[in-house]
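>>> Mind folding the following:
(2 chains)
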There are 2 protein chains.
Amino acid sequence: MDVQHYMHTLGRQARAASRLVAAASTDAKNAALAAMAAEIRARRAELLAANARDLEEARAAGLEPALIDRLTLSEKGVEAMAAGLEQVAALPDPVGEITDVKRRPSGIQVGKMRVPLGVIGIIYEARPNVTADAAALCLKSGNAAILRGGKEALHSNQAIAACVRTGLTAAGLPEHAVQVVDTTDRAAVGELIAMPEFVDVIVPRGGKGLIERISKDARVPVIKHLDGNCHVYIDDEADPAKVVPIVENAKTQRYGTCNTAESLLVARTVADLYLPAIGRMLAGKGVEMRCCAESLALLREAGVAAENLCEAAESDWREEYLAPIIAVKVVDGLDEAIAHINTYSSGHTEAIVSENYTSAMRFLREVDSASVMVNASTRFADGFEYGLGAEIGISTDKIHARGPVGLEGLTSQKWIVFGNGEVRR
Amino acid sequence: MDVQHYMHTLGRQARAASRLVAAASTDAKNAALAAMAAEIRARRAELLAANARDLEEARAAGLEPALIDRLTLSEKGVEAMAAGLEQVAALPDPVGEITDVKRRPSGIQVGKMRVPLGVIGIIYEARPNVTADAAALCLKSGNAAILRGGKEALHSNQAIAACVRTGLTAAGLPEHAVQVVDTTDRAAVGELIAMPEFVDVIVPRGGKGLIERISKDARVPVIKHLDGNCHVYIDDEADPAKVVPIVENAKTQRYGTCNTAESLLVARTVADLYLPAIGRMLAGKGVEMRCCAESLALLREAGVAAENLCEAAESDWREEYLAPIIAVKVVDGLDEAIAHINTYSSGHTEAIVSENYTSAMRFLREVDSASVMVNASTRFADGFEYGLGAEIGISTDKIHARGPVGLEGLTSQKWIVFGNGEVRR
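Residues are numbered from 1 along each chain as shown, chains lettered A, B, ... in the order given. The predicted model follows:
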């Protein structure tokens, strides 16, 4: 098979389907999502069998346990997929919403209408449930989708794709509205990201390596999520009751998520007040602290176990550990905290703990990250916690969508003009 | 001089300045714009002398008259530049605007804050006034700018840049907030579009060739404006009083602008009713009509001069003539009109002339262009007509900003969270 020809065929079909999906009624889209959910439940045994086949091949190929874990689809996982489709059906439809209409001196009324982006290419790794999630979000936002999952999940993804197609046709929508690439040839990815005539935006979901590679080679816009080096800054006027709980939650609730805090900054005037308690709490959970000279001295003095302490290198300020490790630094105050974050952060999520109004507002305004918080844990940076209902990913880009990307992030706004025969003078 | 080193220096300086400009008060930004305007007026003779030097070199190099025309700065042009800076100062400041704050079940309040993009690279051609315009729009939207004008305008641009710098420092803003590249080495453009660590977005302003080249090679997002193949569709239920005036204005008010209509579609049921009058009006203005077989027959029958008529080729449906030429096609009705536009249009601006509510609303929703209009001339697709105050360009992209891009298009929204010590469960 000629991969370029195959991908162009998918692209042409997606483009044609995207016109119909963009114009589809909310009812039709919701009916398709409900039918997909029903089909997934009805074909549970088939899905599990396809997944077993993938797992068998993965084990035979000696894939690492973490990957096998992400690849595994349980009975509960199948039900969660079906329920996820129904949740997306329950979300408000963003397409066609008219806002900001204003009458102009010429007599025309100008406003904006929310519209789908067109065709979205999603490139992901081992998790098969992404196939259903991404299909649902793209469809509900009026877009056609071309999905390219990991080669290890091929059989699972094809089985899920069959359920998606059945749902689409049951609701009278074009089956090409969601297409799953069914070749494992790596060249398919290269084609997918280089056909602007058929694909409007690429959303890669996976490790930093995958995303960097795709961003570098893509000839269409990419909504990317690089790393999450999130900071918590304890200000001079922090509320003592909020300091330890927020640091504890931001760092230790889960170690492997992108909204976990990886760096702690403490204002010098309160460093001796808060660092001992923070240090004991973190050491008690087995967290390693990589410290600036000043915080290291304070933590040692406070009796924090030496095994949990070490000196930070410059590279620690940039690190996304995804592990029980945190970088710790004493700063002069708000100005140095903001400068440090804007220098070293990956632009994902940062939090200040402060009771001072001006410090809080300056931190919100001047910290250049996708999510900026006052007196809350960085762990809240998440599509569900923000009320988006679901998310396709978290963007660390600066144009289009920043932070958690839900249905609205898969749309844009065009201008509309209501006239009454006006001409320009 | 090592161009890469030079451009990286500009980039590093712009990045540092962007932090200060992003946090600058509205008053400081407006004071800088007012000081720039005053400086431009005060140095009028100097600006005209610098421009005269550019013009002399351009003539000696045998540049074509149209280019010389764009390069020329008159006394009136200098005053228009100064007035343009004051107009931007008078526009509302988009930076820091907080919207959509909602309380979530966790207790946090989540909203959005409008923020600058960071550093904007603008690449343009001969017109020196773009230097002042672009500086003003970037500054007011809280961004730092690196401006790269055409080599033929080097002396004019440097003279304007000196006024801009004086204005910035007079208002206590960093002089690196706006930097004008002062080498004519083409490699500077290659560097500017390939340093994502320093530049967040590129806005090319110029011909299609320039924009395509930049989009192809850029390693940062590009807000691009390709061609404007705009359509007017005369629906079955058009108001007879609106048909000819809208076609006349859309096609003939100015021939060289991107929002000029280049294609006319007429519903079959009303083709014999309207085409004769339209044809006579266009022929009277010397417009050449490139017609489908059906419209050609109708227009001939109506006695439109043969010299104004010819048969259209397939390529005419895609053409941006920027000249007294229009493609004409009879279509079945709304469905074919929408399908034709979505196939052949460049996605800039389209208008329907119709009194039918459902046809108008379907056209608005289903036509996939940046501006879609009912009963108004396509010539209204313009930042000033839309009330943006000024525009940096007109985007034909689908993500981020579509259509006229004003101050808001040079910003994005980050998420903000107001907490009270909440942690995630």
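
>>> from here on, contacts and neighbour counts on C-alpha atoms
Noted.

>>> Which parts of the stretch 201-350 of chain A are helices?
Shown for the stretch 201-350 of chain A, the helices assigned by DSSP state H, counting those that start in this stretch span residues A:208-217, A:240-252, A:268-284, A:293-301, A:334-344.

>>> Next, the residue nearest to A:Leu364 when sequence neighbours are not counted: secondary structure please.
Closest residue in space to A:Leu364, ignoring its immediate chain neighbours: A:Val372 at 5.7 Å, by Cα to Cα, 6 or more residues apart in numbering or on different chains. At A:Val372 the chain is in strand, as set by DSSP: H, G, I helix; E, B strand; the rest coil.

>>> Give me the neighbour count for A:Val372.
Taking other Cα atoms under 10 Å in any protein chain shown as the criterion, the count of residues near A:Val372 is 31.

>>> now do A:Gly387
Other residues within reach of A:Gly387, judged by other Cα under 10 Å, total 15.

>>> Show residues contacting the longest strand along chain A.
If each strand of chain A is counted by residues according to DSSP state E, the longest one is strand A:411-422. By Cα atoms under 8 Å, 6 or more residues apart in numbering or on different chains, the surrounding residues in contact with strand A:411-422 are A:94-95, A:106-117, A:141, B:242, B:245-246, B:364, B:369-377, B:398-403.

>>> Quick one: mean pLDDT over that strand.
Strand A:411-422 carries an average pLDDT of 97.

>>> ok, now stretch A:371-379?
Taken as a whole, stretch A:371-379 has an average pLDDT of 98.

>>> Could you list the paired strands of the longest strand of chain A along with their orientation?
Sheet partners assigned to strand A:411-422 using DSSP bridges are listed as strand A:109-116 (antiparallel), strand B:371-376 (parallel).

>>> got the buried residues for it?
Within strand A:411-422, the residues that qualify as buried by neighbour count (16 or more other Cα atoms under 10 Å in any protein chain shown) are A:411-422.

>>> Reformat these as a markdown table; add distance to A:Leu63.
Shown next, in a markdown table, are those (distance: Cα to Cα, whole Å):
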| residue | distance to A:Leu63 |
| --- | --- |
| A:Thr411 | 37 |
| A:Ser412 | 40 |
| A:Gln413 | 44 |
| A:Lys414 | 46 |
| A:Trp415 | 50 |
| A:Ile416 | 52 |
| A:Val417 | 56 |
| A:Phe418 | 59 |
| A:Gly419 | 62 |
| A:Asn420 | 65 |
| A:Gly421 | 66 |
| A:Glu422 | 66 |
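
>>> of all these, which comes closest to B:Met36?
Relative to B:Met36, the closest of these is A:Trp415; by Cα to Cα it sits at 32.5 Å.

>>> and the closest one, how far is that from A:Glu408?
Distance from A:Trp415 to A:Glu408, counting by Cα to Cα, to the nearest Å: 16 Å.

>>> Show me what residue of the stretch 301-425 of chain A gets nearest to chain B.
When distances are taken as Cα to the nearest Cα, the stretch 301-425 of chain A reaches nearest to chain B at A:His400, 3.9 Å away.

>>> contacting residues for that residue?
Residues in contact with A:His400, defined by Cα under 8 Å, 6+ apart, are A:409, B:399-401, B:412.

>>> still on that earlier bit, need the winner for burial among the strands paired with strand A:411-422.
The highest mean neighbour count among the strands paired with strand A:411-422 belongs to strand B:371-376 (a mean of 30), with neighbours defined as mean count of other Cα atoms under 10 Å in any protein chain shown.

>>> and the angle for it with helix B:240-252?
Regarding strand B:371-376 and helix B:240-252, their directions subtend 130 degrees when assessed with axes from the mean of the first three to the mean of the last three Cα atoms, to 10 degrees.

>>> For the very next helix or strand once past strand B:371-376, enumerate the helices and strands it packs against.
Proceeding C-terminally, strand B:371-376 gives way to strand B:393-395 as the next helix or strand, assigned by DSSP states H and E. Packed against strand B:393-395 by the contact rule (3 or more Cα pairs under 8 Å, 6 or more residues apart in numbering or on different chains; DSSP states H and E) you find strand B:403-405.

>>> Which strands and helices lie in contact with the strand it packs on?
With 3+ Cα pairs under 8 Å, 6+ apart as the test, strand B:403-405 has strand B:393-395 packed against it.

>>> what's the closest non-adjacent residue to A:Ala83?
The shortest distance from A:Ala83 to any non-neighbouring residue, by Cα to Cα, 6+ apart, is to A:Ala37 (7.0 Å).

>>> ok, now which ones touch the one you found?
Residues counted as contacts of A:Ala37 (Cα under 8 Å, 6+ apart) are A:81-83, A:85-86, A:167.
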